[in-house]
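Enquirer: All I have is the shape, not the residue letters:
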């Protein structure tokens, strides 16, 4: 009982965080019909900045890291990404009136990862002074790529079964390349490489690091406005997507929290790392995933999976899951 | 005599301020035909950043402020906004060859407020180490909205009288909503809300605050270039607009200086606050006012009011009024 | 022998610099087909920021500088700019299959200066803690403008000889004005004026200076991607352009290093200044030069000179010449 009360208090307290405030503020002003706009060029640049910062910092850390410590979390990330897609595809296949490839594509997007959500979680952990290994953001592709590949493979197997006549092979290596070439992953990997190979501490400390939380606040605002704008898109598709998009992130995150906890006990994975792994699992891809899926499953309807992710999945991942997992960790790890 | 000399010395000294330097520099390079351009996306983002900073800081301050202290300046702001529109509309109605609604719209824009001018004044006060209450920028909407509403109402009453047949009602609440939804006011109010409700000191101190004066310098440059580009627009309309646009800001500001002085004596309004109130009164709206007026008084010619404000009113407010009121305050309050 | 070994060690060590890392990283991800994009508005703003910083800092320094010390380097800059164009024009005139005005325009672009290359060199010198006079960036126009003018004059004399009938005069003053109005030079000169005339130390220290190396890192990335994208353009024209674009910067830089050395011995020009003069000579103009040449020599093929400069000349100037001249200076001046 006291446990639950303690947990609830900590959960609620986090809504004073400016990071969540900007997200909710964005939704509110969009709902009120504000004409405020953040130019698209700024938005793209902010995403680039956040990814470079995560990449460079991760690269510097990996240079000195104990790679054994990273192994179990990385394997967990792969397992989680695959499991989310399998569970989601199965769930949607049980429901009536949902086109099979739409369901698989949606599950794929929820298995993939959102860099912005991850960045938001990192800032909140810093605000709460909860430590995590700087290589944790580098777990991103370990969950993202397998999830997208699996979704595209599953959808194509299904489509092949439908029209036995056609003999279209699934180009797995093509999907991997497509994912890595996406703007999000290539910025992250470039950052990792620069962090690993060059003396980039100076430019990290003088530029990417100090601007991080500020740029994130602007990004949260944009994401809040975007989430509200997409609500209508979601209304047009079955309500079942909204249910999945609401509960999916929470369930995926708790699953990852469990695996992270095992890594904590066995190889000393930090509590902050456990939270971030859960947040990565809870997040769904808004920027880099959609074009990959559009290329890989052209017959799926983008407004289903993008609507589900942007208008419900991402706000839930940021405004519900992040505070939830932080509060959970504070209670479980006694922070 | 010594008073005047002292005043003149202080006035001239302020032209070494980089803030004014950037404004004048922008005019000069535009006059010389430079191809330098600041992309529009950057310009929009800079305005957003300035307004968020003013809003967040104001919100944090209001949280701890003595609201009684704010009451008299806020009431003064409303009075000034209304008075400027009434005087201006009356002035233009006396002149031959000026379409009635053009005059009213121009008076409305000069009653409304320019966030950039306010920001410039704040930076100059910091350079001169003159203190002001951080909630002063929150006076902005108290002058801006009444002025715009009054101008639109006056114009519509006039138009109704002209064509007695038509029975178009003036939608006051619609004008208020339109004003609040404008990008400038919604950014300012969002900032205020975030400052009031979230722990936003961190992101303010690490991002919005340190970038403020730098972004303002870029904005001043853009405004200088813009002012020069609009000069031709002004030439096309009656010279009387130029006369109004030159003397209006000075008279409006002095009027506000007087009311501010009363607030200083009665409720201890700071000298810096008196200067800022005068600057708000002297400023005319370049960004958020015009679309509201265009919507509310469609028959008025935008090149009259925008030309008067951007090409003469704003440069005069920044480069003449700000140094003038600072010098005046230094002499009056013995700073 | 030991000298050579020492030199090689220092040369190789510099490839750990993040500045060069970002340039090479940009080329690599472009070669791998990444979809990462830095919006054009951001790119333009970054270039503006770098030039303003160089200008303001130069202006502040010139205010206190010994102008005699600046005289010899400035004269050297003029001589180098003219010499590069003369040598290059002569070299291309010897080669078969190259249109005369294409050769002259290319030589003109290599005589002109790249602000980005200069900025990269300044950051590397700071990383290596090598001092230079802050007015050195102000040498830029002394080399840039004479080179462009000479190229346009030479090309027009040649074209006039071809069609004796036409009597088109070369408008030298028009070319000077065109150069000064270009976005790069007008930003630099505006910065110089603001540094000279206003108290701009505050905004320099709080904004332009701290963002400098970070923005440069983004610019290097863009330039790397751009260089790769232009490679194909170069392939379409004669291979001799590639040879010139590779060896030209090295030879031009060494020539300037020699003149700079003389200024070091005679008027105490700093070793860092000698390096920067050599880098300015090695650099070729990517941003401001091409439009001037396009206007001045309309019959020249832009893909020859822009391809040669952007795809080979600039990467060589940054990634080969800068480390080369730093290593050379470290050995020559025993730093």
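Expert: Sure, I can see it. This is a predicted model, so every value here is computed, not measured.

Enquirer: Now do the helices in the stretch 101-250 of chain A.
Expert: Under the criterion DSSP state H, counting those that start in this stretch, the stretch 101-250 of chain A contains helices at A:115-127, A:140-162, A:172-181, A:183-197, A:201-203, A:209-236, A:239-267.

Enquirer: Mind checking these for the one nearest to chain B?
Expert: helix A:209-236 (2.4 Å; CB to the nearest CB). To be clear about C-beta, it is placed using only N, CA and C from the backbone, and glycine gets the same treatment.

Enquirer: Show me which residues of chain A sit near chain C.
Expert: A:39-42, A:44-45, A:48, A:177, A:180-183, A:186-187, A:190, A:193-194, A:197-200, A:202-203, A:206-208, A:211 (CB under 8 Å from any CB of the partner chain).

Enquirer: Pull out the buried members of the residues you listed.
Expert: A:39, A:41-42, A:44-45, A:48, A:180-183, A:186-187, A:190, A:193-194, A:197-198, A:200, A:202-203, A:206-208, A:211 (16 or more other CB atoms under 10 Å in any protein chain shown).

Enquirer: Go back to these and keep what's next to chain B.
Expert: Answer for these near chain B (CB under 8 Å from any CB): A:39, A:41, A:42, A:211.

Enquirer: And for the first one, nearest residue in space, chain neighbours not counted?
Expert: Spatially, and ignoring its direct neighbours in sequence, residue A:39 is nearest to residue B:41 (3.5 Å; CB to CB, 6 or more residues apart in numbering or on different chains).

Enquirer: What distance do you get for the one you found to residue A:37?
Expert: 10 Å (CB to CB, to the nearest Å).

Enquirer: how many neighbours does residue A:268 have?
Expert: Residue A:268 has 12 neighbouring residues, counting by other CB atoms under 10 Å in any protein chain shown.

Enquirer: Would you mind confirming that residue A:309 makes contact with residue A:245?
Expert: Yes: counting by CB atoms under 8 Å, residue A:309 does reach residue A:245; the two are 6.8 Å apart.

Enquirer: And those two? Which one has more around it.
Expert: Using other CB under 10 Å as the criterion, residue A:309 and residue A:245 rank with residue A:309 on top: 29 against 26.

Enquirer: show me what contacts the more buried one?
Expert: Listed by CB atoms under 8 Å, 6 or more residues apart in numbering or on different chains, the contact partners of residue A:309 are A:106, A:109, A:110, A:245, A:284, A:285, A:286, A:289.

Enquirer: same question, residue A:227
Expert: Residue A:227 neighbours (CB under 8 Å, 6+ apart): A:23, A:26, A:27, A:30, A:310, A:311, A:312, A:314, A:315.

Enquirer: that older thread, between the ones next to chain B among the buried ones among the residues of chain A next to chain C, which is closest to residue B:81?
Expert: residue A:39 (30.3 Å; CB to CB).

Enquirer: Backbone torsions only: list them for the closest one.
Expert: phi -60, psi 150 (degrees, to the nearest 10).

Enquirer: Surely it is in contact with residue B:48?
Expert: No: counting by CB under 8 Å, residue A:39 stays clear of residue B:48, with 9.1 Å between them.

Enquirer: where's the closest residue to residue A:14 other than its chain neighbours, which helix or strand?
Expert: The spatially closest residue to residue A:14, leaving aside those adjacent along the chain, is residue A:323, at 3.9 Å (CB to CB, 6+ apart). Following DSSP states H and E, one finds residue A:323 within helix A:322-332.
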